[in-house]
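Asks: Generate coordinates for the sequence data below:
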Amino acid sequence: MYLRARKQRGIALIQVIITTSIIMLLMIFFLGAAKDQVMRAQALQNKTMAYLSHYSAKNQVLYQLLTSDHSELRQQRWNFYGTPIQLNEHTTVAIQDLNGLFSLPSMARPSILQRILEPTLGASQASVVADSMMDWIDLDNISLGSGAEQSSYDRYGIVVRNGPIQTYTEFPYINGMSVEAELILLENTTIHPTPFYNPMTSPQTLFGAYFEDEAMAQSAMSLRGGSSYNKKDVQALTQVWPEDGLDYFTGPGFRLTINSKVADSFYGKVLEYEIYPYQDRPIHVLSRLPRQQLSR
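Replies: Numbering: from 1, shown residues only. Below you'll find the predicted structure:
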């Protein structure tokens, strides 16, 4: 009788242990699920905050460009040559004056394009990409030295634009294009016409290619960073004064690279605008660039 009672107590103890283990496993499962849901909710909140921070920063920049003189903004440590500035806790913006870029419709000088690409691609491939870019845009069917017209694209089912490029997504279809070439072009060119080239806001690569002097380009970049930076500094360095195709005014076109990050959540866009403060339609949206466009 005593042994039977002990056996029953042993079985009951085992049942309690098993039941307790099951309950503990369920608790662990529910705690893990709850933790996962909390993490998902936090990630969604962070993503939303990143988007709102980006949206707020974009509107702040557009408002300032509409209502403030460029000299006033430079006094506030803003710049128009693509160096990122911190707008708020989560967001940076790089403002690039489109006049400081190589305008594919306006400049149309493949020799400068080639010099932009050559350090990365080498002379031969740079010539192919530069000439093919110009052939993609021009109206004729005569290939430049290393370029390509419609006959070179027929087997791929690609139709040459033979006119102004409409979107940056056309770049990969151009003969000889590579990821490296596309990144360089996105950094240094714009598909929109500009009234002139402004070396004051030019990327170093384009500055050196335009003046064919990399040492001068490095010296020009070293002048930047202070609120007193102005066209007199660049004129004294280059000994080039306003002439046909070159001047030192900023705008009306701007490229905004806006990046917001909250914890591990990121939201960013690269957008181009024209700003006309005194027109009925003061903001013209020009285009959106692929996300691989990086701010310097």
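
Asks: got the residue ranges for the strands in the chain?
Replies: 85-86, 91-97, 102-103, 189-190, 253-262, 265-275, 283-288 (DSSP state E).

Asks: Make JSON lines out of the ones you listed and add distance to residue 167, mean pLDDT and mean neighbour count.
Replies: (Each C-beta comes from the backbone N, C-alpha and C, glycine too.) Below are the strands of the chain laid out as JSON lines (distance: least, Cβ to Cβ, whole Å; pLDDT from 0 to 100; neighbours: other Cβ atoms under 10 Å):
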{"stretch": "strand 85-86", "distance to residue 167": "27", "mean pLDDT": "92", "mean neighbour count": "14"}
{"stretch": "strand 91-97", "distance to residue 167": "18", "mean pLDDT": "95", "mean neighbour count": "23"}
{"stretch": "strand 102-103", "distance to residue 167": "16", "mean pLDDT": "95", "mean neighbour count": "22"}
{"stretch": "strand 189-190", "distance to residue 167": "12", "mean pLDDT": "95", "mean neighbour count": "25"}
{"stretch": "strand 253-262", "distance to residue 167": "14", "mean pLDDT": "94", "mean neighbour count": "22"}
{"stretch": "strand 265-275", "distance to residue 167": "11", "mean pLDDT": "92", "mean neighbour count": "18"}
{"stretch": "strand 283-288", "distance to residue 167": "6", "mean pLDDT": "89", "mean neighbour count": "14"}
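
Asks: Make a markdown table from these and add distance to residue 196 to it.
Replies: Converted to a markdown table, these look like this (distance: least, Cβ to Cβ, whole Å):
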| stretch | distance to residue 196 |
| --- | --- |
| strand 85-86 | 25 |
| strand 91-97 | 11 |
| strand 102-103 | 9 |
| strand 189-190 | 13 |
| strand 253-262 | 12 |
| strand 265-275 | 15 |
| strand 283-288 | 17 |
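
Asks: Of those, which is nearest residue 77?
Replies: Nearest to residue 77, of all the strands of the chain, is strand 85-86, at 6.6 Å by Cβ to Cβ.

Asks: helices and strands around that closest one, which ones?
Replies: strand 91-97 (3 or more Cβ pairs under 8 Å, 6 or more residues apart in numbering; DSSP states H and E).

Asks: Swap in 6 Å and give it another go.
Replies: Contacts defined by 3 or more Cβ pairs under 6 Å, 6 or more residues apart in numbering; DSSP states H and E place strand 85-86 against no helix or strand at all.

Asks: Which neighbours in the sheet does it have, and how are they oriented?
Replies: strand 91-97 (antiparallel) (DSSP bridges).

Asks: Would you mind putting the CA coordinates of the partner strand into PDB?
Replies: Provided in PDB are the C-alpha atoms of strand 91-97 (Å, rounded to 0.1, in the frame of the first residue of the first chain):
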ATOM      1  CA  THR A  91      18.500  64.300 -41.700                       C
ATOM      2  CA  THR A  92      21.200  65.600 -43.900                       C
ATOM      3  CA  VAL A  93      20.800  67.400 -47.300                       C
ATOM      4  CA  ALA A  94      23.400  68.000 -50.000                       C
ATOM      5  CA  ILE A  95      22.400  70.900 -52.300                       C
ATOM      6  CA  GLN A  96      24.100  70.800 -55.700                       C
ATOM      7  CA  ASP A  97      23.700  73.800 -58.000                       C
END
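
Asks: Residue 76 is nearest to which of the strands of the chain?
Replies: Residue 76 sits nearest to strand 85-86 of all those, at 9.0 Å, using Cβ to Cβ.

Asks: So for stretch 218-232, first residue to last residue, what's the gap.
Replies: One end of stretch 218-232 to the other measures 17 Å (Cα to Cα, to the nearest Å).
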